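Asks: Return atomic coordinates for the entry below.
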Amino acid sequence: MKAALTSLALMLALPACAQSKPAQAANDADPALWVVKDADTTIYLFGTIHVLKPGLSWFDEAVKTAFDKSDQLMLEMVQPDPATMQQIVMKNGFVTTGPTLTEQLPADKRGAYLKAVTDLGADPRNFDRMKPWLVGVTLSLAPIQKLGYDPKNGPETVLADAAKAANKPVAGLETAEQQIGFFNGLSQKAQIEFLTSTVDDLPKAGEEMAEMVDEWAKGDPDALAKTMNESLKDSPEVAKTLLTDRNARWATWIKERMAKPGTIFIAVGAGHLAGNDSVQAQLAKQGIKAERIAY
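Replies: Coordinates of the predicted model:
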C-alpha cells in the first residue's frame, strides 16, 4: 500500500474522484520547502501530498511568499481534460487477449484480490482485462476516497488555480502519457507484485495515509521518506522507474533551467524530495545545493 500511495500522482489521471466534504476548521501545516539559486535564477522545490482532506492550512507563510515571487509554476504534469485522459488510460491500461487478470495472480492471492474487488461493489470480471498496475492503483484509491481524500484539495489543484488567477504560466515536468507510461512499462512481474502488495495492505490504507499527511504537515522529510519509500525497496524495478530515474531527470532539468534567469516554483510529490535518491541528492551530484527554507 505504501508503494501504491507513493504513486498517487496517477490518481489525478483517473476519472473517479471522491466528493469533496464540507470545509473543516483549518489545521496549520508547515510542509518542507527548499530553494536553489544563483545570481539571477531562483527555483523553489515544494513537496506535495497529491490528495488531501479539506481543512489543512498550508498555502501561507513561506510557501505562499515563494509562490508569489515566482514567475512560473511547474508541476509533475498538467492535467489533461477528462476525455483525453480517459483515452490515454484506455489505450495503456487494458488488454484484449491472453489470460485474465485473475488467472495471472498467484493462486494464494486470488481470494484476497476477489474480495477486495467485490468490497468495492464491483464485478471482478470488469477488471479482468485491466493491466495489474491499473487495478493496483484503482484499489488503492477506494479506501482513501472513502475517508475524504480528494485531489480537489491537493496542493497541485490549489497551486494551479492560484497560478491561473495570477496569470502565471503552468507547465509540467512530464506529460500524462509519460506518467502512465512509467506504470505501463513495468514488467509483468513488477505489476503483479504491485497489485498483490496493495491488496495485502488495504486494511492499513487509512492509517498509512494519515501518517504520511502528518509527516508532510510537520515538514519532516526524513520520516516521510521512510514511510513513503521504504516499501519500494522490495521492488527495485518500481523504485527505479517511479522515483530514482525521475528524480535524476528532474535534477537535470533544474540544472539546465538555472542557466536562464527567472524564478520558478516547482511542486512535486513529497516522496521525490526525501531520502537518499531525492531530487536534492541528485542535484548535489551535479554540484548544485538545495537549501531548506526555515519558517
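Asks: As a check, name the ranges of all helices in the chain.
Replies: 2-6, 61-69, 82-93, 101-104, 107-119, 132-146, 155-165, 176-184, 188-201, 205-217, 221-229, 236-239, 245-257, 279-285 (DSSP state H).
Asks: Which of the ones you listed has the lowest mean pLDDT?
Replies: The weakest mean pLDDT among the helices of the chain belongs to helix 2-6, with a mean of 44.
Asks: hang on, the earlier thing: I'd like to know which of the helices of the chain lies nearest to Leu75.
Replies: Leu75 lies closest to helix 155-165 among those, at 5.5 Å (Cβ to Cβ). Quick note: C-beta positions are derived from backbone N, CA and C, even for glycine.
Asks: Give the other helices and strands that the closest one contacts.
Replies: Applying 3 or more Cβ pairs under 8 Å, 6 or more residues apart in numbering; DSSP states H and E, we find helix 155-165 packed against strand 41-48, strand 72-77, strand 170-174, strand 262-269.
Asks: what's the angle from that helix to strand 170-174?
Replies: 140 degrees (axes from the mean of the first three to the mean of the last three Cα atoms, to 10 degrees).
Asks: List the contacts of helix 155-165.
Replies: The contact list for helix 155-165 (Cβ atoms under 8 Å, 6 or more residues apart in numbering) reads 12, 46, 48-50, 52, 58-59, 67, 73, 75-76, 78-79, 151, 168-170, 265, 267.
Asks: Show me just the buried residues among those residues.
Replies: 12, 46, 48-50, 52, 58, 67, 73, 75-76, 78-79, 151, 168, 170, 265, 267 (16 or more other Cβ atoms under 10 Å).
Asks: Now Gln179: closest residue in space, sequence neighbours ignored.
Replies: Nearest in space to Gln179, with sequence neighbours left out and distances taken as Cβ to Cβ, 6 or more residues apart in numbering, is Met77 at 5.6 Å.
Asks: The one you found and Ala267, how far apart?
Replies: Separation of Met77 from Ala267 (Cβ to Cβ, to the nearest Å) stands at 11 Å.
Asks: With Thr42 instead?
Replies: 15 Å.
Asks: before we move on, what about Lys69?
Replies: For Lys69, the distance to Ala267 equals 14 Å [Cβ to Cβ].
Asks: and the residue nearest to Gln179, how far is that from Asp201?
Replies: From Met77 across to Asp201, the span is 26 Å (Cβ to Cβ).
Asks: Report the outermost residue of this protein with respect to its centre.
Replies: Relative to the centre of the chain, the most outlying C-alpha is that of Ala39, 31.9 Å out, by Cα atoms, centre = their mean.
Asks: who's in contact with the residue lying closest to Asn153 once chain neighbours are set aside?
Replies: With sequence-adjacent residues excluded and distances taken as Cβ to Cβ, 6+ apart, Asn153 is closest to Leu52, at 4.4 Å. Taking Cβ under 8 Å, 6+ apart as the criterion, Leu52 is in contact with 149-150, 153-155, 213.
Asks: ok, 7 Å please
Replies: 149, 153-154, 213 (Cβ atoms under 7 Å, 6 or more residues apart in numbering).
Asks: Run a quick neighbour tally on the closest residue to Gly271 other than its chain neighbours.
Replies: Leaving out its chain neighbours, the residue that sits closest to Gly271 by Cβ to Cβ, 6+ apart is Met228, at 4.1 Å. Using other Cβ atoms under 10 Å, Met228 has 28 neighbouring residues.
Asks: going forward, begin numbering at 32 instead of 1
Replies: Sounds good: first residue 32 from here, last item Met259.
Asks: looking at it, Met259 is touching Leu304, isn't it?
Replies: No: judged on Cβ atoms under 7 Å, Met259 makes no contact with Leu304 at a distance of 10.5 Å.
Asks: Met108 and Asp232: which is more packed in?
Replies: Using other Cβ under 10 Å as the criterion, Met108 and Asp232 rank with Met108 on top: 21 against 18.
Asks: my guess is the more buried one meets Glu208, correct?
Replies: No: applying Cβ under 7 Å, one finds Met108 not in contact with Glu208, separated by 9.2 Å.
Asks: sorry, back to before: identify the bridge partners of the residue nearest to Gln210.
Replies: Counting by DSSP bridges, Met108 is bridged to Glu205.
Asks: wait, what's in contact with it?
Replies: 203, 205-207, 210.
Asks: Please spell out the ChimeraX selection for the buried subset of those.
Replies: The ChimeraX command for the buried members of these (criterion: 16+ other Cβ under 10 Å) is given here:
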select :203,205,207,210
